[in-house]
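# Requesting a structural model of the entry that follows:
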Amino acid sequence: MAYQAKSGRKKILVADDDAADRKLVRMVLGKAHSVIEAGDGEQAVVLAQQHKPDVIMLDMMMPRKDGLTACSEIRANPLTKAIPIIMLTGVGYELNEKLAVSLGVNRYITKPFNAQDLLDVIDGL
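Model prediction:
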């Protein structure tokens, strides 16, 4: 079962190879939630298993393991398969979104994103 503090704070794993993007997401979400960061997809899979976050946010294009591959591995693991996944990416092509959803992504959000919309999506999961 995923961790969720009594205060309603969710543990969110944010995986993006761009440190500035991770910082922006941390600034948006960090006041209301606990944020764990990964710099690539391989690290995201490991941290998902270790921390069992309430929500995972993946960038599509990352080194060592892209977001789609990381999503597939997270969904294949019994410990992490039920964790909601948001693909937060600069890739806005409809075909990529359909592929991501077919692999188990719950929400697909393109960058740049609206801070309040992102908070609403997190709170709705």
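
# And the helices in this structure?
19-29, 41-51, 67-76, 94-102, 115-124 (DSSP state H).

# Nearest to K10, out of those helices?
K10 lies closest to helix 115-124 among the helices of the chain, at 6.5 Å (Cβ to Cβ). Every residue, glycine included, has its C-beta placed from N, CA and C.

# re earlier: take the helices of the chain and write them to TSV, including mean neighbour count, distance to I109 and mean pLDDT.
Below are the helices of the chain laid out as TSV (neighbours: other Cβ atoms under 10 Å; distance: least, Cβ to Cβ, whole Å; pLDDT from 0 to 100):
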stretch	mean neighbour count	distance to I109	mean pLDDT
helix 19-29	16	11	95
helix 41-51	20	16	98
helix 67-76	20	12	97
helix 94-102	14	10	93
helix 115-124	14	7	90
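
# can those go into CSV with extra columns for distance to L13?
Output for the helices of the chain, formatted as CSV (distance: least, Cβ to Cβ, whole Å):
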stretch, distance to L13
helix 19-29, 11
helix 41-51, 6
helix 67-76, 10
helix 94-102, 17
helix 115-124, 12
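
# and of those, who's closest to M61?
helix 67-76 (7.1 Å).

# For P84, find the nearest of the helices of the chain.
Comparing those against P84 with Cβ to Cβ, the closest turns out to be helix 115-124 (9.1 Å).

# quick check: angle from the closest one to helix 19-29?
70 degrees (axes from the mean of the first three to the mean of the last three Cα atoms, to 10 degrees).

# What is helix 115-124 packed up against?
helix 19-29, strand 85-89, strand 107-110 (3 or more Cβ pairs under 8 Å, 6 or more residues apart in numbering; DSSP states H and E).
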